[in-house]
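Undergrad: How does the following fold in three dimensions:
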Amino acid sequence: MRLSSSVFAAVCLLIELLGIALFLRGFFPVPIKSSLSTKSKLSDLPAEPHAGSSQPNSTKVPSPLFKRVVIVLIDALREDFVFGPNGKRFMPYTRHIVERGSSHSFIAKARPPTVTMPRIKALTTGSIPGFIDVVMNLNSPALLEDNLIWQAKNAGKRIIFYGDDTWVRLFPKHFMEYDGTTSFFVSDYTEVDNNVTRHLDSTLKRDDWDMLILHYLGLDHIGHISGPHSSLIGPKLLEMDDVIKKIHASLITRESEGSLPNLLVLCGDHGMSETGSHGGSSEPEVSTPLVLFSPAFQRKDCSHPVVVEQVDLPPTLALALALPISQNSVGRLIPAMFEEASLREQLRFLHINGHQLSSLLRDSNPNFHKEDGYEQFRVAEKAHGNWMKLYMEGNASEVLGNMGKKVLKQYLEALQAMSAALSKQLGKYDIYSMIVGMILVLQVLVLLLLAMPEALSGAACVDVPVAPAFLSLPFYLLNLLGSSVHVLVCTSAEASCYFCSLPWLLAFSAILFSSALLCSLVVMAAKWDPLKNKSHPDRSSDWTLSELDVLLLTGTVGHTLSLGASSFVEEEHQTWYFLLNTLCLAVFQDVCRKYFRERRQSSDEEEEGPLLPSTVEEDPTRATFSPTAELGVSVGSEKWLALATPILTLACCRLLRSLNQTGVQWAHLPDLSHWLNSGDHKVFLSLLAVLSLLLIFLLVQRRCSMVSKIALALGLLGVYSYRAAVDNVLFPWQNSSQSVSKGTGEARFVYVFVLGILFTGVKDLLRSQVMSSAVEGRRLKSRGLWEAYSGVVLLVALLFRAHNLPTLACCLLIQTLMAQFIWKKLHYDAAQTTIMHYWFGQAFFYFQGNSNNIATVDISVGFVGLESYVEAPAVFLTAFSTYAGPLLWACHLVCYLSSERDRAAVSLGHGSYCFALLRSIPAVFYVVLVTALRYHLFIWSVFSPKLLLRGHAHSGHRRCLPLLHLHGPGPHP
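TA: As a prediction, this is how the structure comes out:
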């Protein structure tokens, strides 16, 4: 089967995308769960240990310690917002109670991913959610596993909830009364909290509830909008402090003599990074405050909070309310909660927790008996029995008390060890699905490598031997072997396997396809036989590598190998910045050679074979590009502009590096974006935004029709109006007392022009296919592509924050200069140009302020122009903004290669093939790497976020690649 290089590349990336998706489904493990399908019951509690048999063992849980519980969860509440200087200043009441009142204070460590839905699961189940819960965060299904909310409802507790509607989706029928607010419309940080507080006065006066849960979102939204050092943070913390004061005072005044005390819990689901986002594993993101208020606690000074795990709260609350601990909980009791209980009750609480953890350890680890914590628990349980024997005999000596304290210490050590062992395990990998996905991506990479001579030939076509593969005996033998393995694995696997859960017809079709692909690879590999290549002695001359080719290949391979080190993954932007700087120096060297040594080396350049044979077969009728006609540049100054282009590119890159600090090690350092976004420098930010928008218009409008130019100008004016409406920049006539709006109307105004420009571009592309004149068809096609590109640029300008508009302007400036004075004038071929575009795209991903940390994903752009949360456009806009840099350079590559007169189809074929290879090599390497390092210490904090981002980027580039073959050669006369 003969395919063009562009179609071949698109098919390869589609297959690879399916393989990566299957690998991701297997890699992100299923969280640890008990083998029991039912939920915990009070009747299932273990009997109290007893060494003798004279007294019946009690199976009851001790009486509850509290009558009512109020849980105040403040989204993105960092521990320093309470325990740091900001706490003293903006949360005075809370801080006073922490330091002098009846309370216990802790720093609760959250596990990555630090996003809301997995954190709520952790706070209610005590388990550590899988990393794949990040993907499910936008659409939370009902939580079916054992959890604190279900246990409370099953015990007859009346629960009221107000706040983030994620709770309502997770627990749809558990609340007696609820009022949910959307958690994803981050532009709103006022009404979203007022909708919770407005219920407080009436609810606190009522006696018909046992548990009240409040989830405040405003602080998190402020963080997403303007970061943790925003001037809006202080007033919001004061507001939250007033809420705590009101609830605490009400609970104290409504307590009656002889009744159980009430409990107020203040906590955060996750913290907030220095950029205001969350999702990663940095200290500000994982450190949250946990404060327990109750008259039952003794008054004492507390200046240094104790560190606990976030998952320790659910089992602690469960036993404090006389509820069973959730089966899948990996948390351990917080001893401070039970200090006022008798020693027997304290030991009973610890025994129940230890029994639950040991049962979970037995279910999840075949070698559970080798775990230190399990053995320690058995020893402590035996000592507990001996203590109980003495206690039941009425022994009241000091020896009994010392013995009980020793048992207590043994239990605590055992719980800590078992909890740590379960937390490290996290879950069980679906190895079979991972292997099948890995085989697919490896086959695709080998297929791309074997097809290189044909894909980069002058014909830009690849002959895939499909028929010989299906008719060969090895194909049927491989099918039989693969099917047998599949049946064997799926019928004997103890753990659930996603690939086995697929319909048998679909699974066997995948096996059949993989077998055919492997046979095709064998047939194609036979063509590489050295004996067959002797009949083509001149073939090697077509593949001479220049110095630039060596740099591009070495840099690409070097970057791929660097992904094997966690530090290089965290600071990957440094690798791309280094490669980009080196590339600019190499290009500068080529420019000097062309303009200053051209006469002496002209003959050598003609004899030297470039990387692609396609450039050797230049069409003599091809029109010569002239910057004089394109930009109005004089012939004499063209040389100096070419020399200045690499230097100017270096200067732009250095400026952009200072604009946004990224990575991990230095992300906390101040940068230009912090300086520009401070209230004192809004005038500078406004001027910079105006200059950037003007430069964007001048660079983009050159190839557009008059209608598109007008639409682009109005659209960019709307972008500035939107930023002024949301109080990022200033209008000269703006009233300082004018309230900040959401900018919905201004954003929709821009969307209209984006759609209009895109429609105009698509119309020109369709017209170019039916033109009778080849010249006119090529002109319309080129204009249509550039107009579509300008529509993409306008959308990016709308979504980028005001301080990032210079990033977009520099991107367009570099593209224009490189296209006019470097790529065409130095006759770089399609492969070299594609690799350069790929490098620039990756670097601009980090210039935007992104990193391999989910916390740097700006979800606020998903709500530009929206009145409320709508999932599809919110996800699209967020992904579009995140990968705007690579997307802009990929789109520019399509437009640039399509401008190759008479050789556009060949250039697009070469470009698409090289682009697919560039995406495949690091993807395959990283898939193999994370498989080998799946038990690495940093697998969840470093490698897994990178894997998620790479998988998302791969799917996005797969959607863009068809553009490379949709615009083939123009019509012929």
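Undergrad: residues touching the residue positioned nearest the centre of the chain, list them.
TA: Nearest to the geometric centre of the chain sits Ile854, at 3.7 Å (C-alpha atoms, centre = their mean). By C-beta atoms under 8 Å, 6 or more residues apart in numbering, the residues touching Ile854 are Pro113, Val115, Val134, Gly279, Gly280, Pro945, Leu948, Leu949. Quick note: C-beta positions are derived from backbone N, CA and C, even for glycine.
Undergrad: what residues are up against the last one?
TA: Counting by C-beta under 8 Å, 6+ apart, Leu949 touches Asn852, Ile854.
Undergrad: looking at this, it is in a strand?
TA: No - counting by DSSP: H, G, I helix; E, B strand; the rest coil, Leu949 is located in no strand; its state is helix.
Undergrad: Against Leu579, how distant is it?
TA: Relative to Leu579, Leu949 is positioned 19 Å away (C-beta to C-beta, to the nearest Å).
Undergrad: Let me see the ranges of the helices in the stretch 751-900 of the chain.
TA: Secondary structure of the stretch 751-900 of the chain, counting by DSSP state H, counting those that start in this stretch: helices at 774-799, 805-818, 830-847, 871-882, 884-898.
Undergrad: Same list (these) but as CSV, adding mean neighbour count and mean pLDDT.
TA: Formatted as CSV, those follow (neighbours: other C-beta atoms under 10 Å; pLDDT from 0 to 100):
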stretch, mean neighbour count, mean pLDDT
helix 774-799, 23, 88
helix 805-818, 23, 95
helix 830-847, 25, 94
helix 871-882, 17, 88
helix 884-898, 24, 92
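Undergrad: And the ones you listed: which comes nearest Pro62?
TA: Evaluated over these, closeness to Pro62 peaks at helix 871-882, with 45.4 Å, by C-beta to C-beta.
Undergrad: now the closest one and helix 830-847, what's the angle there?
TA: When axes from the mean of the first three to the mean of the last three C-alpha atoms, to 10 degrees is applied, the directions of helix 871-882 and helix 830-847 differ by 110 degrees.
Undergrad: May I have helix 871-882 exported as PDB, CA atoms only?
TA: The C-alpha trace of helix 871-882 is given here as PDB (Å, rounded to 0.1, in the frame of the first residue of the first chain):
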ATOM      1  CA  GLU A 871     -17.100  21.600  30.400                       C
ATOM      2  CA  ALA A 872     -16.300  21.300  26.700                       C
ATOM      3  CA  PRO A 873     -15.300  24.900  26.000                       C
ATOM      4  CA  ALA A 874     -13.500  25.200  29.400                       C
ATOM      5  CA  VAL A 875     -11.400  22.100  28.700                       C
ATOM      6  CA  PHE A 876     -10.600  23.300  25.100                       C
ATOM      7  CA  LEU A 877      -9.600  26.800  26.100                       C
ATOM      8  CA  THR A 878      -7.400  25.600  28.900                       C
ATOM      9  CA  ALA A 879      -5.600  23.100  26.700                       C
ATOM     10  CA  PHE A 880      -5.400  25.600  23.900                       C
ATOM     11  CA  SER A 881      -3.800  28.200  26.100                       C
ATOM     12  CA  THR A 882      -1.400  25.700  27.800                       C
END
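Undergrad: Show me the contact partners of it.
TA: Residues external to helix 871-882 that are found in contact with it (C-beta under 8 Å, 6+ apart): 138-139, 184, 795-796, 799-800, 848, 850, 857-859, 861-864, 866, 887, 952, 956.
Undergrad: Recalculate using a threshold of 6 Å.
TA: Contacting residues not belonging to helix 871-882 are listed as Leu799, Val857, Ile859, Val861, Gly862 [C-beta atoms under 6 Å, 6 or more residues apart in numbering].
Undergrad: Spatially nearest residue to the third one (excluding sequence neighbours)?
TA: Which is Ile859. Using C-beta to C-beta, 6 or more residues apart in numbering and skipping the chain neighbours, the partner closest in space to Ile859 is Thr878 (5.5 Å).
Undergrad: sorry, back to before: looking at the contacts of Ile854, which two lie furthest apart in space?
TA: The farthest-apart pair in those, when distances are taken by C-beta to C-beta, is Val115 and Leu949, at 14.2 Å.
Undergrad: Quick check, Gln356 in contact with Ile325.
TA: Yes - in this structure Gln356 lies within contact range of Ile325 using C-beta atoms under 6 Å: 4.7 Å.
Undergrad: And the strands in the stretch 551-700 of the chain?
TA: Counting by DSSP state E, counting those that start in this stretch, the stretch 551-700 of the chain has no strands to list.
Undergrad: actually the chain, sorry about that
TA: 2-4, 30-31, 69-74, 103-109, 159-164, 177-181, 211-216, 263-267, 287-293, 306-309, 427-428, 461-463 (DSSP state E).
Undergrad: Please identify which of the ones you listed is closest to Ser773.
TA: Nearest to Ser773, of the strands of the chain and by C-beta to C-beta, is strand 2-4 at 24.3 Å.
Undergrad: Buried residues, the closest one. List them.
TA: Buried residues in strand 2-4, counted by 16 or more other C-beta atoms under 10 Å: Leu3, Ser4.
Undergrad: which neighbours does that strand have in its sheet, and in what orientation?
TA: strand 461-463 (antiparallel) (DSSP bridges).
Undergrad: Show me the contact partners of the strand it pairs with.
TA: Arg2, Leu3, Ser4, Phe8, Ala451, Glu454, Ala455.
Undergrad: Would you check that the third one makes contact with Gly909?
TA: Spelled out, that is Ser4. Yes - with contact defined as C-beta under 6 Å, Ser4 and Gly909 form a contacting pair (5.5 Å).
Undergrad: before we move on, the earlier item: I'd like the helices of the stretch 751-900 of the chain as CSV, with distance to Tyr498 appended.
TA: Listed next are those as CSV, based on distance: least, C-beta to C-beta, whole Å:
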stretch, distance to Tyr498
helix 774-799, 34
helix 805-818, 39
helix 830-847, 30
helix 871-882, 23
helix 884-898, 29
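Undergrad: ok, how many other residues are close to Gly268?
TA: Using other C-beta atoms under 10 Å, the number of residues around Gly268 comes to 28.
Undergrad: OK, contacts around it?
TA: Ile74, Leu77, Thr288.
Undergrad: Now do the same for it: its pLDDT.
TA: Here, the pLDDT recorded for Gly268 equals 95.
Undergrad: With the one 4 residues further on instead?
TA: In this prediction, Met272 carries a pLDDT score of 91.
Undergrad: The one 4 residues further on too?
TA: The predicted structure scores Gly276 at 82 on the pLDDT scale.
Undergrad: residue contacts, it?
TA: Residues near Gly276 by C-beta under 6 Å, 6+ apart: Gly223, His224, Gly227, Pro228.
Undergrad: Give me the distance between it and Asp858.
TA: Counting by C-beta to C-beta, the gap from Gly276 to Asp858 is 9 Å.
Undergrad: Likewise for Gly271?
TA: In terms of C-beta to C-beta, Gly271 sits 17 Å off from Asp858.
Undergrad: Also Asp764?
TA: Separation of Asp764 from Asp858 (C-beta to C-beta) stands at 33 Å.
Undergrad: what does Tyr498 give?
TA: Separation of Tyr498 from Asp858 (C-beta to C-beta): 31 Å.
Undergrad: Equivalent analysis for Arg119, please.
TA: From Arg119 across to Asp858, the span is 20 Å (C-beta to C-beta).
Undergrad: who's more crowded, those two?
TA: Under the criterion of other C-beta under 10 Å, the comparison of Arg119 against Asp858 puts Arg119 first, with 26 against 23.
Undergrad: my guess is that one meets His278, correct?
TA: No - with contact defined as C-beta under 6 Å, Arg119 and His278 do not form a contacting pair (9.3 Å).
Undergrad: Name the spans of the stretch 851-973 of the chain whose pLDDT lies under the cut-off.
TA: Residues of the stretch 851-973 of the chain meeting the criterion pLDDT under 70: 901-902, 937, 954-973.
Undergrad: swap the cut-off to 50 and go again
TA: In the predicted model, the stretch 851-973 of the chain carries pLDDT under 50 at residues 961-973.
Undergrad: Would you check which pair of the contacts of Gly276 lies furthest apart?
TA: Maximum pairwise distance in the contacts of Gly276, criterion C-beta to C-beta, is 10.6 Å, between His224 and Pro228.
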